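In: Just a sequence and a predicted model for now, questions to come.
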Protein chains: 2
Amino acid sequence: MNLTLDRISSVPLYAQIHGEIRRQIEADQLKAGAAVPSERELAEICKVSRMTARQALNALKNEGFVYQERGIGTFVAKRKLDVHTRNLIGFTEEMRGRGLTPSTKILLARRENAAQEVAQELGIETADEVFHFQRLRLADDSPLAFEDAFLPVKHFPDLDAKNLENESLYKILETEYGVAMRRAEEILEATCASKEIARALAIKPKSALLIVHRVVFSESNLAVESVRTFYRADRYRATFVLTKNAV
Amino acid sequence: MNLTLDRISSVPLYAQIHGEIRRQIEADQLKAGAAVPSERELAEICKVSRMTARQALNALKNEGFVYQERGIGTFVAKRKLDVHTRNLIGFTEEMRGRGLTPSTKILLARRENAAQEVAQELGIETADEVFHFQRLRLADDSPLAFEDAFLPVKHFPDLDAKNLENESLYKILETEYGVAMRRAEEILEATCASKEIARALAIKPKSALLIVHRVVFSESNLAVESVRTFYRADRYRATFVLTKNAV
DNA sequence: TCATATAAGTGGTCTAGTCCACCAAATCAT
DNA sequence: ATGATTTGGTGGACTAGACCACTTATATGA
């Protein structure tokens, strides 16, 4: 276990440790079942306090990369799923993580008054305007999902003028508007494809679809986006890691 | 904010603080947007160190109950969902949390040799025996889900003799075998109902179903259960809270 | 030989601080 | 009045310890 930390960097020490160990697990240098240095060992190796080392291991535990047994030690968990946990990431990033090439075709992009439900989800008035985007999401040039998204106009003026076809939406929000995603609430449900969506996704009507309805909140707890994504059930499954106590 | 801690209790102080604040939020005594005591204030109120108070607030943040803004403070988040976060809980507990009365009808309970896929999921050999349970899950006496579960025999001898119809499986595993759930990996996908499942759930064939495939691990990282639950899409939606950094 | 005590190591919890970047409101100088 | 500066409060990161419950292996005793 070799670990060199950059103490000048703005990246916190625990995050550096976490990242390095995670990298080694993902690269299979640390194999499933292998012992990870104990909290005290890790602290000694990295010349940090035990609490800092512990914070790094804790994050790995919450993500399901390692498990800890009191009195025994810390070990690399068997990972059956290719989940990178359920971190809040956008479509582009998620597809790249799965080794697929994402692309997007914009089907609709306009301003409109917020519908009752959308207004409530975004915490705005029905008189307020929202951007309404419909996008076809492709992975390796084959249709994967149909997306229906709403964003409040007042927080993102001129968003419709940006290059949504080739840039990640979340990246645009962060770089152009300085709004970073922090938290999201998701509802997953199943449904059968309507004729319109079936045609867009090149599947038979009444095929199974996985609907992911997501409301995204920024660092300052502003509702940023309400989006429903209709995934082809034959090409997409959502993966999660649950833990008993998120503490 | 009144908070009395039991310092003799085996429940950690941070867990007591976390539980009490969470209770107040769920009881709407702390309303959305209201300020929660700052880390230093909370430490002072509870007569604990700031790190301990911080740990309690951190857990609440990860669960989506509060959000924090640097330089400003900690505030109660708006909760649109009745999610109890992505905590690992069983069917019985989940239904009670949603205000429904759960019940179970056992359709099949037998020992059999593990199929290839199940053996791999549970980390056992195909020669090993597993319990195979099929259960119909009802909420308020109406069919909600069909469940297909596999548990390794060697860790739970005589499990088939227990009262599975009326007791929570996870409770039995904990009280009778001393095995507590710690972590689970879940895959959610959509499908159309087969004739058999449609009949069991009292729906039309080809209706949409949400499949939740869950592999549960114990505190000592033992694969305890592999279960596929087929939920009626018209009666069940899965809800999650995602955060950007699980740290 | 076999049970029992002991020591060393582990994660879990907790303390009492420190320094930093950030924000808001009050204050001060122009 | 207004713009700049100070001040106090916030969360974020980090330290260097402490005690506990738990496990395992080793040594000790009957």
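Out: Looks like it arrived, so ask away. Numbering: from 1, shown residues only, chains lettered A, B, ... in the order given.
In: Show me chain A divided up by domain.
Out: Chain A breaks down by automatic domain parsing into domains covering A:13-76, A:91-232.
In: Flag every buried residue along the helix or strand containing A:Gln134.
Out: Here A:Gln134 is covered by strand A:129-139, with elements defined by DSSP states H and E. Buried residues in strand A:129-139, counted by 16 or more other Cβ atoms under 10 Å in any protein chain shown: A:Val130, A:Phe131, A:His132, A:Phe133, A:Arg135, A:Leu136, A:Arg137, A:Leu138, A:Ala139. All C-beta atoms are positioned from the backbone trio N, CA, C, and that covers glycine.
In: List the contacts of the first one.
Out: Taking Cβ atoms under 8 Å, 6 or more residues apart in numbering or on different chains as the contact definition, A:Val130 lies against A:Arg111, A:Glu112, A:Asn113, A:Ala114, A:Val118, A:Ala119, A:Leu122, A:Ile124, A:Phe150, A:Leu151, A:Pro152, A:Val153.
In: Of those residues, keep whichever come out buried.
Out: For the contacts of A:Val130, a burial check counting by 16+ other Cβ under 10 Å picks out A:Ala114, A:Val118, A:Ala119, A:Leu122, A:Ile124, A:Phe150, A:Leu151, A:Pro152, A:Val153.
In: possible to save these as JSON lines with distance to A:Ala190 and pLDDT?
Out: Putting those into JSON lines (distance: Cβ to Cβ, whole Å; pLDDT from 0 to 100) gives the following:
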{"residue": "A:Ala114", "distance to A:Ala190": "27", "pLDDT": "95"}
{"residue": "A:Val118", "distance to A:Ala190": "22", "pLDDT": "94"}
{"residue": "A:Ala119", "distance to A:Ala190": "26", "pLDDT": "94"}
{"residue": "A:Leu122", "distance to A:Ala190": "25", "pLDDT": "90"}
{"residue": "A:Ile124", "distance to A:Ala190": "29", "pLDDT": "89"}
{"residue": "A:Phe150", "distance to A:Ala190": "22", "pLDDT": "96"}
{"residue": "A:Leu151", "distance to A:Ala190": "26", "pLDDT": "94"}
{"residue": "A:Pro152", "distance to A:Ala190": "29", "pLDDT": "92"}
{"residue": "A:Val153", "distance to A:Ala190": "32", "pLDDT": "90"}
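In: Between the residues you listed, which sits nearest chain B?
Out: Nearest to chain B among these is A:Leu122, at 10.3 Å by Cβ to the nearest Cβ.
In: mind checking how far the nearest residue to A:Ala193 once chain neighbours are set aside is from DNA strand C?
Out: Distances taken as Cβ to Cβ, 6 or more residues apart in numbering or on different chains place A:Ser207 nearest to A:Ala193, at 4.8 Å, with adjacent residues excluded. Applying Cβ to the nearest atom of the strand, to the nearest Å, the value for A:Ser207 to DNA strand C is 45 Å.
In: residues in contact with the residue nearest to A:Leu122 when sequence neighbours are not counted?
Out: With Cβ to Cβ, 6+ apart as the criterion, A:Leu122 has its nearest non-adjacent residue at 4.5 Å, and that residue is A:Ala223. When contacts are counted by Cβ under 8 Å, 6+ apart, A:Ala223 is found next to A:Glu121, A:Leu122, A:Gly123, A:Ile124, A:Pro152, A:Val215, A:Val216, A:Phe217.
In: A:Leu100 belongs to a helix?
Out: No - using DSSP: H, G, I helix; E, B strand; the rest coil, the secondary structure at A:Leu100 is coil, not a helix.
In: Could you count how many residues lie near it?
Out: 16 (other Cβ atoms under 10 Å in any protein chain shown).
In: Kindly report the same for A:Ala145.
Out: Residues contacting A:Ala145 under the criterion other Cβ under 10 Å number 23.
In: so it makes contact with A:Ala233?
Out: No - in this structure, A:Ala145 is not within contact of A:Ala233 by Cβ atoms under 8 Å, at 10.6 Å.
In: For A:Glu176, which three-state class applies?
Out: With three-state DSSP as the criterion, A:Glu176 reads helix.
In: can you tell me which residues contact it?
Out: By Cβ under 8 Å, 6+ apart, the neighbours of A:Glu176 are A:Lys162.
In: again with the one 5 residues further on
Out: Shown in contact with A:Met181 (Cβ under 8 Å, 6+ apart): A:Leu88, A:Tyr170, A:Leu173, A:Glu174, A:Val216, A:Phe217, A:Ser218, A:Glu219, A:Val224, B:Lys244.
In: ok, so of the residues you listed, who is nearest A:Cys192?
Out: A:Val216 (26.6 Å; Cβ to Cβ).
In: Give me the pLDDT for A:Thr243.
Out: pLDDT for A:Thr243: 67.
In: again, but for the one 4 residues further on
Out: In this prediction, A:Val247 carries a pLDDT score of 50.
In: wait, doesn't A:Thr101 sit right on A:Ala139?
Out: Yes - if you go by Cβ under 8 Å, A:Thr101 and A:Ala139 touch, sitting 6.9 Å apart.
In: Quick one: the contacts of A:Ala223 as CSV, columns for secondary structure and distance to B:Met51 too.
Out: As requested, the contacts of A:Ala223 are exported to CSV (DSSP: H, G, I helix; E, B strand; the rest coil; distance: Cβ to Cβ, whole Å):
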residue, secondary structure, distance to B:Met51
A:Glu121, helix, 36
A:Leu122, helix, 36
A:Gly123, coil, 33
A:Ile124, coil, 38
A:Pro152, strand, 38
A:Val215, strand, 32
A:Val216, strand, 30
A:Phe217, strand, 27
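In: so which of these also contact DNA strand D?
Out: With Cβ under 7 Å from any atom of the strand as the criterion, those include none near DNA strand D.
In: How many residues are close by A:Leu209?
Out: Neighbours around A:Leu209, by other Cβ under 10 Å: 27.
In: What of A:Thr175?
Out: With other Cβ under 10 Å as criterion, A:Thr175 counts 12.
In: Please report how far it lies from A:Val216.
Out: Relative to A:Val216, A:Thr175 is positioned 16 Å away (Cβ to Cβ, to the nearest Å).
In: swap in A:Glu125?
Out: From A:Glu125 to A:Val216 the distance is 20 Å (Cβ to Cβ).
In: Between those two, tell me which one has more neighbours.
Out: Taking neighbours as other Cβ under 10 Å, A:Glu125 and A:Val216 compare with A:Val216 leading, 26 against 10.
In: If you check chain A against DNA strand C, which residue is the closest one?
Out: Of all residues in chain A, A:Ser38 sits closest to DNA strand C, at 3.0 Å by Cβ to the nearest atom of the strand.
In: With adjacent residues omitted, what lies nearest to that residue?
Out: Counting by Cβ to Cβ, 6+ apart, the residue nearest A:Ser38 is A:Gly73, at 5.6 Å.
In: CA atoms only: put stretch A:25-35 into PDB for me.
Out: Taking C-alpha atoms only, stretch A:25-35 is exported to PDB below (Å, rounded to 0.1, in the frame of the first residue of the first chain):
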ATOM      1  CA  ILE A  25     -10.000  -1.500  -5.800                       C
ATOM      2  CA  GLU A  26     -11.400  -0.600  -9.100                       C
ATOM      3  CA  ALA A  27      -8.200  -1.500 -10.800                       C
ATOM      4  CA  ASP A  28      -8.300  -4.900  -9.000                       C
ATOM      5  CA  GLN A  29      -5.000  -4.200  -7.300                       C
ATOM      6  CA  LEU A  30      -6.800  -4.700  -4.100                       C
ATOM      7  CA  LYS A  31      -8.800  -7.800  -4.600                       C
ATOM      8  CA  ALA A  32     -12.100  -8.800  -3.000                       C
ATOM      9  CA  GLY A  33     -11.500 -10.100   0.500                       C
ATOM     10  CA  ALA A  34      -8.100  -8.600   0.800                       C
ATOM     11  CA  ALA A  35      -7.400  -6.700   4.000                       C
END
